[in-house]
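Undergrad: Need a 3D model of the following:
(chains A and B)
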Amino acid sequence: MRRVLAVALGALLIATLAPVTRAQTPVKLTFWSWRTEDKWAYDRIIRVFEQRNPGIKVEFIPFRQVEYNTILSSALQAGRGPDIIHLRAYGGLEQFAAPGYLLPLDYDQVPELRRFPLQTLVGARSRKDGRIYGVPFATQTLVIFYNKRIFREAGVSPPRDWDGFLGLMKTLKDKGITPLANGGKDGWTLEVVSGVIAPNFYGGTTFYEAVTRGQTTFRDPVYTGAIAKLLDLRPYMPQGFMGVDYATMQQLFLNEQAAMFIGGAWEIGFFKQQNKTLEFDVFPGPPPRADQVPWVSSFADGNYGINAKTAHPEAALKFIRFTATTEFGQMFTDLLAQMSAVPGVVIKDPVLKRVQEMNRKATPYIMLVGFRWQTPTGSTLLQSALQAMMAGQMTPQQVGEEVTRGLAAWVDAFRR
Amino acid sequence: MPSGGSPPPTLAPPADEARAGQAGARPLVTLPGRSRLRLSLRASRRLWLVVFLAPAGLLFATFITYPILSALAYSLFRWEGIGRREFIGLGNFVRLFSTFPYPRLLWNAFWHNVAVFVLTMVVQNLTALGLAVLLARGPRGARVYRVVFFLSVTLSLVIVGFLWGLFLNPIFGIVNKALAVAGLGHLARPWLGDPATALVTLVLVNAWRWLGFPTLVFLAGIHAVPDDYLEAARIDGASEWEVTRRIVLPLLAPAVTIIVILTFIGSFNWFELPYVMAGVAGAPNRATDVLGLFFYRMAFGEVDTGLQDIGIGSAIAVLMFALLAGVSTAGAVLLRRCEVEY
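TA: Purely as a prediction, here's the structure:
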């Protein structure tokens, strides 16, 4: 009898305490990211979420970009890590999704995902089981930035075709202006240059489809001929361009020491922040003929996902659903000047608006979307080979051979 | 000496103490306690050894032994992204040695390590030896020079790498500007971006940073040579050069042993400076790739470029450990044999 009483009293005690504790201590979610420079914006967005969802607190914790993957994978392997994870897309998501470290999301849990275009969701889908593991946050596009003041003073305007582009750079160089800010010290910036220049010469998505289906390889003269165009840019790059790294490239363009910068649309926010008086705009990689609509390379930048081991799956899901709303996307775009992946966001920034228009003829950024799923990645192989090509150590044909041979380690169709 | 070589091996106990330990009958140490337990000297020495070595041993086991063993274990499994899958024996090693581009990358990195070792021995350690010989003669301001030479060793390697990266920048850097001012503008080049100069440049920056360390070790070695020998030689009519050549240098062998082994370990573990100055990819086109970078790239991935391949990464780590442990031990034994007693 006493025992029963004790149990009953105990149960009563728990029953009375439980709701109180739940109301008093809010669920606290941690949100890890590599975007140290965007912390202010995320903090503002999170405040909006917290006002809508009393009882859930979210802490945004960014790490240095170069260390993020190491820290995140160590934490996940140890069975820890954050509740909400800022993830990259495609193969960068797969390496966490395939071994089961992420919570799969489906249309029932996150109905907002239904509105996303399928092409955007490719970056959030695991190739292993075909399921979605994140909400895409941004679409990135590769473009050519130009300094409007320098162009005006030199009496030139954005080119309509490749020859026009080369002619424009020659005019600038003859006037003592460095036409391009781009260098070759950081291999990934060369891959970006190839992403801007090459698609118009290899035929954009037609070649992408063929090479990803294994109908051709990167040995194809169509491809090697396209990357050979990068060699034409060398005379217009800064002096000693092979020693020019990404930070120097940005400085050259920001300080108006170079007229153009071949890069990604993610620079818009940074350029505006660093030099408020810089007048700049963008144009797409020029096509061979002026009557062609140019291709631009684009890709899903990354995703917000949920740790499979989170202690608060419901709260985390609430936050993830919030990131898929137009309200979130609008704040993201307005604050960070980036193209949100959420459909229905209205872009106010004029430069970003032009990027959005160019996106009507977008082709997948070839190595990232198609060949960054296993090691060695197409990007790793291409970046080093492009450095060798720009330094005069390799021909475009050797680059194609190198990339194809390397990818043959996991792309069956490339094995001869 | 590249990358902060590990401290020299623990010193052997002084000979007389060791002898006393063997005699070991005299009870010397009393420990507090009810029975006022009396320990033999040998036992108490053992106890103190354990007490003093335990913290270091524990740290060593946690941060060195355990990671090495786990790397060995990791290298025997297949990995899917960051998830460990089934046991595959030596599969990762087979892949490392046979699947393009891994063998080429491995040998490329290995030969770069060898080049770093040889170049460092020649550029850094020979210069250090020369400086030590000169300083030992006690020129005016010898103390100041000693401090100046050692100053760069006290700087953080990351700062050194960052600063030299700025100095060598082809656009803003002072190196090319200084060359231009000196009328040598035609020599200006993207030092770190040119595959032909990148690795040598890194070795030179590294030597700039470390020069003071071998200098000091050699100087201490020279000072340890008994004056009687030098005086005897001088009385016999030997010139300063002959004294250096025939007396000092042969007796310097223990210092040389230490420096050679530390340089070897440092060269094959080289990571920080290339990481800071050339990036994890060993840019340009693997011209600065070394085993440390290759390992890091495979085990932890390259941001926005490559994925992790923990199996291959662990296999590289195991090979590096085997190489370092094997060659250092063999080298120590060999070099010890060449040392001259006095």
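Undergrad: Can you report phi and psi for B:Ala196?
TA: Here the main-chain torsion angles of B:Ala196 (degrees, to the nearest 10) amount to phi -80, psi -30.
Undergrad: now it, nearest residue through space, not along the chain?
TA: Sequence neighbours aside, B:Ala287 is the residue nearest to B:Ala196 in space, at 7.8 Å (criterion: C-beta to C-beta, 6 or more residues apart in numbering or on different chains). Using the backbone N, CA and C atoms, a C-beta is placed for each residue, glycine as well.
Undergrad: And that neighbour, how close does it get to A:Met358?
TA: Using C-beta to C-beta, to the nearest Å, one obtains 36 Å as the distance from B:Ala287 to A:Met358.
Undergrad: Neighbour count: those two, which is higher?
TA: It is B:Ala287, of B:Ala287 and A:Met358, that has more neighbours when counted by other C-beta atoms under 10 Å in any protein chain shown, with 25 against 21.
Undergrad: Run a quick neighbour tally on the closest residue to chain B within the stretch 51-200 of chain A.
TA: When you check the stretch 51-200 of chain A against chain B by C-beta to the nearest C-beta, the closest residue turns out to be A:Pro99, at 2.2 Å. Burial of A:Pro99, expressed as a neighbour count using other C-beta under 10 Å, amounts to 20.
Undergrad: That one contacts A:Ala308, doesn't it?
TA: No. The criterion here is C-beta atoms under 8 Å, and A:Pro99 misses it with A:Ala308 at 9.7 Å.
Undergrad: Near chain B, which residues of the stretch 301-416 of chain A are found?
TA: By C-beta under 8 Å from any C-beta of the partner chain, the part of the stretch 301-416 of chain A that sits against chain B consists of A:372-377, A:379-381, A:383-385, A:387-388, A:391, A:393-394, A:402, A:405-406, A:408-409.
Undergrad: List the contacts of A:Ala290.
TA: Under the criterion of C-beta atoms under 8 Å, 6 or more residues apart in numbering or on different chains, the neighbours of A:Ala290 are A:160-161, A:164.
Undergrad: ok, now with 6 Å
TA: With contact set as C-beta atoms under 6 Å, 6 or more residues apart in numbering or on different chains, A:Ala290 has these partners: A:160-161.
Undergrad: what about the residue nearest to B:Ile310 when sequence neighbours are not counted, is that helix, strand or coil?
TA: Take B:Ile310 and drop its neighbours on the chain: the residue closest to it by C-beta to C-beta, 6+ apart is B:Trp79, 4.5 Å away. Following DSSP: H, G, I helix; E, B strand; the rest coil, the label given to B:Trp79 is strand.
Undergrad: re earlier: let me know whether the residue of the stretch 51-200 of chain A closest to chain B touches B:Glu80 as I believe.
TA: Yes. In this structure A:Pro99 lies within contact range of B:Glu80 using C-beta atoms under 6 Å: 5.1 Å.
Undergrad: which strand is the longest one in chain A?
TA: If you go by DSSP state E, chain A has its longest strand at strand A:135-147.
Undergrad: How about residues contacting that one?
TA: A:120, A:123-124, A:192, A:195-196, A:256, A:259-262, A:264-266, A:280, A:282-283, A:296-304, A:320, A:323-324, A:338-339, A:341, A:355, A:359.
Undergrad: Which of those fall in helices?
TA: Residues from the contacts of strand A:135-147 lying in helices, with DSSP state H as the criterion: A:120, A:192, A:195-196, A:320, A:323, A:355.
Undergrad: Check the average confidence over stretch B:256-271, would you?
TA: Model confidence over stretch B:256-271 averages 94 on the pLDDT scale.
Undergrad: That stretch near chain A anywhere?
TA: No. Counting by C-beta under 6 Å from any C-beta of the partner chain, chain A has no neighbours in stretch B:256-271; the shortest distance is 13.7 Å.
Undergrad: Distance from the chain centre to that stretch, please.
TA: How far stretch B:256-271 lies from its chain's middle: 4 Å, per C-alpha atoms, centre = their mean, to the nearest Å.
Undergrad: In contact with A:Gly400, which residues?
TA: By C-beta under 6 Å, 6+ apart, the residues touching A:Gly400 are A:218-219, A:223-224.
Undergrad: ah, wrong one, I meant B:Gly221
TA: B:Gly221 makes contacts with B:252, B:255, as judged by C-beta under 6 Å, 6+ apart.
Undergrad: and it, how far is that from B:Ala232?
TA: Using C-beta to C-beta, we find B:Gly221 at a distance of 19 Å from B:Ala232.
Undergrad: hang on, the earlier thing: narrow the residues of the stretch 301-416 of chain A next to chain B to those that are buried.
TA: Neighbour-count burial within these applies to A:372-377, A:379-381, A:383-385, A:387-388, A:391, A:394, A:402, A:405-406, A:408-409; the criterion is 16 or more other C-beta atoms under 10 Å in any protein chain shown.
Undergrad: Among these, which ones are in helices?
TA: Within those, residues falling in helices by DSSP H are A:379-381, A:383-385, A:387-388, A:402, A:405-406.
Undergrad: what's the closest non-adjacent residue to A:Arg354?
TA: Spatial nearest neighbour of A:Arg354, excluding adjacent residues (C-beta to C-beta, 6+ apart): A:Val282 at 5.7 Å.
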